[in-house]
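S.K.: Only the shape, not the letters, is given here:
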């Protein structure tokens, strides 16, 4: 592995732990120092432990390995101290009742569609034999034969018969390209025995931005693999059953929905099932070519003349290059094996290389065979029947073998689309682990799949599929640009790798990688230039935007990480020790000597007396407005907004008073009269807590409240203001419209203000 | 006023105080008793006041009367102690900056469209002279002449020329109906000098459900007044300029938008401006009739024969009744004056009665004149030109007077629509004050308008207008049903009123009201039956649904009110006094003797020792699970969910510790390894607070957390659990996707649980 990997630590394979990364040595040291500061402020940890009025163990948890997923999902069942589970059961059924039948139905539907949750230890580490790995990993590459040649011919045919004559030389060039990219990836397998995707190779060896470019290419590649494969698969079906043609878009969307559900459920690459379509497709193409060649031998290999075509363009360099770029999509998916080296049986890298060699040979053979048949049969692409379907018709007639060929083509294309579902979320995971994508892509769902990435891919692929009405041709330019961008970055990374490493045989490897990379770059540039107006500009723009977004995300996470990182800060001298207030609910009132040091109490300062200390404190407080990372630094003032003196408010006031910090009740009144009346009520109640009434002449409630609280903060920035909001909780969401949303609006308005803590005291309405 | 009004108290006219109603004597007594209980628990109020670390007066508020609305709106500017306003200004501009230019633009747009806020004392109490009140209050009624006769003719014409012959007798019946309903409302004015809308009269005298029926009728009436008046107004314009016909729907929606904005801005009934269209319309109709009669006199009053019409229906009782019901819409709005008695100059009721008499006379004259002209000119309704437009063409030709007539018609119809904007929100306000509509309709906006009702009316009227494509005919049946339902309930209420009151002349009043009520009932029944399939069933269904909804709303508010009502509950004996913890931020550490009574502290109970007291407490706690209305009853346990040991978590932990209540930190871990690692970090930090780690084998975070907290509650239901959530606050909403929403999800999941208080400790990320 290259030494450039972030700070030398290998983050390991994707897993559920990535959301909570380990601390490094420096961070641990800071943690230790922060802890020492707390130690000087907080009392003996034993006191805090003993103060707990509950047993936190709840009578002990069952062994996580023994927990079976329950109907209510994925939480840890807790057995209460007496061994029964009253609390959980009661809550669950009450909860369920509260959410109503729609929620239960959704829960059941989810279970049926997605299956029961899988535990984290169920991550599959299956190893594949070469004869299993070959079909599974080469579905993407081999299925490209179904659309690559057709994409090439579709360009050449624009120049009529004259254009078609170039098909053989262009195909030969593409075959050579396949060979050299294949050899190039053999080098990658040697260097990255743990799996070397384009993103890893490029960012390891070339740096962050090239890595992002590779990732952008890869993601374009995977999204388009889904769209193009499904579109081609449906074309294979509609070639056989033309009446389905009108339903292309709904069928495609349904197929994506099935892939989405299957992958959220966590479809594993399960041997035989996934091997079948690939082998079937190989057999079909081999039979097609064999029958066709026998047939052609009967005619002395004289090509059937292509039908007369009206040329709309002249043959020129540009046309040939465009055809070359389009035809190159026949090699998409060739990188799959180098990504998946660890999935092979040991010795992994050697088995992977052998399989890659087989795959590239098969790919070249099938590609060459298809092109040869096209040449011999004089087939030209048309809008209603795919080239493979036309070839199959000529070779087999309309019988069983034709149907078999079309079915195998559709099946391998579907399988290829599924490959993207495995790889796309993994790229997003790696990006998110490097802070270059939102962290939600790190989360593994119930079924150990990266659900967010899978959903994202489905949405993107559906949008493209529907946007282009299930047609493949307009997607080909975008596809070529994405694929060869990723290839180029990957090979360039390998060149840098060998140059830096210089182990045995580095010169040979570097040569192969340089050749593959140069050829890929030529295809990329060709595709980008010749197809710029035909859609490649969209791909290039998307790549640019992606890189910008990833940079912004990384910038944000870096700032957030710095802001959130612990740092020790000087505490002068602990003036007293903070210990828990002691349980007052046990019926015994005997004071425990020494529990609370007398210095906890300090004299009340009157508002008049505080002028000067505040003046001294303020600048310091403004310099670092929100330290508050040690209990010593927090000075409380509790504010309770009260609208009416009902039970909900009374509960909030009681809660505030029970915290035994200074309390200020706040009432906003629309009129002077109401203000006077509320003051009377307050005195009727007994005026137990200080009250401030603000008259809001424009009847607004939230704005004056916020303004008052902000002014209190300005008056004494050192205080932490706790706003205690009584909130009425209704049982049905449609009852919410019957109660004002002041608590919610206040909470939202207070959120951006500094040093304001918001506490919600709920009051549950019956029924 | 009738004695049935709720508990005898007069809630007064609509105003901003309605959101905070006064307490009655019984509630005050409960408040006093609750206060005494607090008095036994809380320390001397003086201590709480002195403990305040801030001056709550903030240096004194300016006199509300001197406050001018600022650019940032509607809050009370607070002058800080030094007289400057640093805090508010800083906050506002920071706030503004944070919300970005879109928010500023919206603010400006709002100000331009709606104007500066109005203070509560600006509620208009203008008094109108009779000659101003007449046009303002009779616009709705008189404008009905523009569509009532046409609606009647549109039915009769179905029977061809034979049907048209019934127009005169039906019109005579309607005129008699107008007279008797007018006389009937004269009685209402006498009985309700403070304004007697149908809802008030019906619910005062007949009870809640009849009141709701009247309200349903009224609301249908007002919504349809807007739709029908605007549709007719546009028809008046398109009759003159047929090329605008295709734009009927957009024009109508634009007009509703203007009415919406104007009324949100708080359009007052401002004399001359509102008087002009009504007088113009009166002049136009008078001129039309005069010219027409002169003309007819020239022909010896021989009616011009109507064009040959093919009859599609035979003349029958049903057709005549349908025509009568449709024509009765010519008297919609006749109740307006009785609603608005207090707006007259004193003696209000006498002036109002005089004005009503004038109005009814004018209405009958204009209605009769129009019908006479239709008869004489042989006009039949057609789809492209209104009847009034046809009459104006015949009387005036295409010149200035024709244009004037059409313009005046459109203007008075627009004014009539505006009348509904005054009355509809008022009905909703009255319903909401009686707990029969959501309380949000009690709120007065910036501009002293009932914004929510105005918006609701606009949405409903737009939906109906667009749904019926701006056509009036299909709306007429719904309209008639609603109007006459309200009339009937109102008059029936008056009958009950006189029967109960029996003052001088009660018999005469009762007779007039009974006649008016009976005739209205006949029209209502006629409209309901004859037009049942033509749309009246929608109106009847809507009335039924409305009553059901209002009943459910009242039921909910009653339950909520009972749940929220204060009730004294026995506190056995105060074991100690709760006093505020004292400011620890003043630099002085000298203990203040006697501030904190020694009994505040109590011995720590160990988990083992608590078994038996808990067993005794639990049943009691389950009987009344959420009293917590006195500080004494609250026993704290603070729970801090911690994901990583960053500054945000550290701040939450510090906040928790500073409250000096028992603290338990809670960590949910996806794997055993992560759990062990987190435990190490916790010990590295110093293990200052008790920690519990829960391993969630299915990687869910929120569900196990909720389950654990619910189990703690079950273990000791007497505790109030305060869950302290660290929450990362970003400055731009689009950054939210980059951080997990665990705090929000936890808060939502905890909301339905009993005795859980949720505290959010924000951590503000830079940039």
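M.R.: Cool, the structure landed. The shown structure was predicted, so the numbers you read here are calculated from the model rather than taken from an experiment.
S.K.: how far away is residue A:390 from residue A:155?
M.R.: Using C-beta to C-beta, to the nearest Å, we find residue A:390 at a distance of 17 Å from residue A:155. Where C-beta positions appear, they are placed from N, C-alpha and C, glycine not excepted.
S.K.: So which of these two has more stuff around it?
M.R.: Of the pair residue A:390 and residue A:155, residue A:155 is the one with more neighbours under other C-beta atoms under 10 Å in any protein chain shown, namely 27 against 21.
S.K.: any weak-confidence spans in the stretch 601-750 of chain A?
M.R.: A:601-629 (pLDDT under 70).
S.K.: Show me what residue of it gets nearest to chain B.
M.R.: residue A:714 (2.8 Å; C-beta to the nearest C-beta).
S.K.: Tell me which helix or strand that residue sits in.
M.R.: Residue A:714 is part of helix A:702-715 when elements are defined by DSSP states H and E.
S.K.: And the helix or strand hosting residue A:490, what does it pack against?
M.R.: Per DSSP H and E: residue A:490 is located in helix A:476-501. Contact analysis of helix A:476-501 by 3 or more C-beta pairs under 8 Å, 6 or more residues apart in numbering or on different chains; DSSP states H and E lists helix A:167-191, helix A:198-205, helix A:208-240, helix A:317-327, helix A:506-530, helix A:537-564 as its packing neighbours.
S.K.: Spit out the contact partners of residue A:374.
M.R.: Residue A:374 is in contact with A:149, A:153, A:167, A:387, A:391, counting by C-beta atoms under 8 Å, 6 or more residues apart in numbering or on different chains.
S.K.: hmm, back to that, so for the helix holding residue A:490, what gets flagged as buried?
M.R.: Judged by neighbour count (16 or more other C-beta atoms under 10 Å in any protein chain shown), helix A:476-501 contains these buried residues: A:476-498.
S.K.: mind listing the helices in the stretch 301-450 of chain A by residue range?
M.R.: A:317-327, A:336-339, A:348-377, A:387-396, A:400-433 (DSSP state H, counting those that start in this stretch).
S.K.: That should have said the stretch 51-200 of chain A, apologies.
M.R.: A:86-114, A:130-143, A:148-156, A:160-164, A:167-191, A:198-205.
S.K.: What is the burial count for the spatially closest residue to residue A:653 that is not a sequence neighbour?
M.R.: Sequence neighbours aside, residue A:640 is the residue nearest to residue A:653 in space, at 5.6 Å (criterion: C-beta to C-beta, 6 or more residues apart in numbering or on different chains). Look at residue A:640: counted by other C-beta under 10 Å, it has 25 neighbours.
S.K.: Could you do residue A:179 as well?
M.R.: Per other C-beta under 10 Å, the neighbour tally for residue A:179 reads 17.
S.K.: That one and residue A:361 touch, don't they?
M.R.: No: between residue A:179 and residue A:361 there is no contact, the gap being 9.1 Å when judged by C-beta atoms under 8 Å.
S.K.: so which of the helices and strands packed on helix A:476-501 comes closest to residue B:728?
M.R.: helix A:537-564 (7.3 Å; C-beta to C-beta).
S.K.: just how off-centre is the closest one within its chain?
M.R.: On the basis of C-alpha atoms, centre = their mean, to the nearest Å, helix A:537-564 sits 14 Å off its chain's mean C-alpha point.
S.K.: Show me what counts as buried in it.
M.R.: Buried, per 16+ other C-beta under 10 Å, within helix A:537-564: A:539-540, A:542-543, A:546-547, A:550, A:553-554, A:556-557, A:560, A:563-564.
S.K.: Redo those as JSON lines? Include distance to residue B:409.
M.R.: As requested, the buried residues of helix A:537-564 are arranged in JSON lines below (distance: C-beta to C-beta, whole Å):
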{"residue": "A:539", "distance to residue B:409": "62"}
{"residue": "A:540", "distance to residue B:409": "62"}
{"residue": "A:542", "distance to residue B:409": "59"}
{"residue": "A:543", "distance to residue B:409": "64"}
{"residue": "A:546", "distance to residue B:409": "62"}
{"residue": "A:547", "distance to residue B:409": "65"}
{"residue": "A:550", "distance to residue B:409": "64"}
{"residue": "A:553", "distance to residue B:409": "62"}
{"residue": "A:554", "distance to residue B:409": "67"}
{"residue": "A:556", "distance to residue B:409": "62"}
{"residue": "A:557", "distance to residue B:409": "66"}
{"residue": "A:560", "distance to residue B:409": "65"}
{"residue": "A:563", "distance to residue B:409": "67"}
{"residue": "A:564", "distance to residue B:409": "69"}
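S.K.: of all those, which comes closest to chain B?
M.R.: Of all the buried residues of helix A:537-564, residue A:564 has the smallest distance to chain B: 4.0 Å, by C-beta to the nearest C-beta.
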